[in-house]
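Visitor: Here is a sequence with its predicted model. Questions after.
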Amino acid sequence: MYAIICLSGGIESTTLAYLIKKELGYKDIVALRVEYNHRASPEEKYCVKKICEFLNLKLIEIDVSWLKKFSKSYLTSDEEIPTIKDEEIYDEKKAIERMKWWWIPGRNLLISTIALIIAEHDYLYNGIKRDIFIGIRRELPLPMPDNTEEFIERLNKVFEYSILKYHLKENIRIYAPLIKMTKDEVVKKGYELGVRFEYTYSCYRGYGGKLRNGIPIHCGRCSNCKKRKEAFIKAGINDPSIYYS
């Protein structure tokens, strides 16, 4: 069984990598990392390489740094990341307002399309059919549009008309096995699978790739860091992350 996973180095995509390797039985797995030159890129790249070493995955890195030109997200700017009040994290109205802070136009669509291109190349020219996996989960209080089951369903419809299907026996599909799971549920699953969580990265801020004892540093203040901390607490699992505060 062959697979390609969109791997960012976060808790979700890392847990998914362990899942498809250790539980779903895929033997030949390509990890796709897409570089769009965002502020946490050095930490994420470091984590992805560690994960690929642990799981013996083949790594393909594709540079789409031009995407940054079309983003006003805090993720791709040099502006200070806002600190979110704890009581605002799950406020739906506030969450909608914050979405624009983190939104990078077309990111998940672009990454999925690149994965499809690689998968079709392997199928069309080498006879190797790879399933595509993306590590999106149930997002609370509400998801980004491209973090939903509907997004995956419609992607698969588009994929049917995006490949040279007359020369292929089956469609190439994308799967999101974690889509119904909350972050703490993903942490629990990752723990069961033996994920090395200290080599995963969630922080929106980034510290230019600085490490402490070989582990990347999280700010501990952005909304994603707070959700990360909370997920480990809810899961009842020790958090090995290093937080600046």
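Guide: Sure thing, it's come through. Quick caveat: nothing in here was measured; it's all calculated off a predicted structure. Residues are numbered from 1 along each chain as shown.
Visitor: which residues are contacting the helix or strand hosting Lys157?
Guide: Secondary-structure assignment from DSSP states H and E places Lys157 in helix 149-160. For helix 149-160, contacts defined as CB atoms under 8 Å, 6 or more residues apart in numbering pick out 108-109, 112, 116, 134, 136, 145, 171-176, 179. Every C-beta, even on glycine, is put in place using the N, C-alpha and C of the backbone.
Visitor: Could you rerun that using 6 Å?
Guide: For helix 149-160, contacts defined as CB atoms under 6 Å, 6 or more residues apart in numbering pick out 112, 116, 171-174, 176, 179.
Visitor: What of stretch 197-209?
Guide: 9-11, 14, 39-40, 42-44, 47, 50, 81, 215-219, 222, 224-225, 228, 240.
Visitor: what does stretch 77-89 give?
Guide: Counting by CB under 6 Å, 6+ apart, 74, 94, 204-205, 221-223 sit against stretch 77-89.
Visitor: With only the CA atoms kept, save that stretch in PDB.
Guide: Taking Å, rounded to 0.1, in the frame of the first residue of the first chain, the C-alpha atoms of stretch 77-89 are listed here in PDB:
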ATOM      1  CA  SER A  77       4.100  38.900   8.400                       C
ATOM      2  CA  ASP A  78       6.700  40.300  10.800                       C
ATOM      3  CA  GLU A  79       4.000  41.800  13.000                       C
ATOM      4  CA  GLU A  80       3.700  40.700  16.600                       C
ATOM      5  CA  ILE A  81       1.300  37.800  17.100                       C
ATOM      6  CA  PRO A  82      -1.700  39.000  19.200                       C
ATOM      7  CA  THR A  83      -2.200  37.400  22.600                       C
ATOM      8  CA  ILE A  84      -5.700  35.900  22.900                       C
ATOM      9  CA  LYS A  85      -7.600  36.000  26.200                       C
ATOM     10  CA  ASP A  86      -8.500  32.500  27.400                       C
ATOM     11  CA  GLU A  87     -12.200  33.300  27.500                       C
ATOM     12  CA  GLU A  88     -12.100  34.400  23.900                       C
ATOM     13  CA  ILE A  89     -10.700  31.200  22.400                       C
END
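Visitor: tell me the contacts of the nearest residue to Asn213 once chain neighbours are set aside?
Guide: Once flanking residues are discounted, Asn213 sits nearest to Ile242: 7.5 Å by CB to CB, 6 or more residues apart in numbering. Contact partners of Ile242, counting by CB under 6 Å, 6+ apart, are 212, 215, 217.
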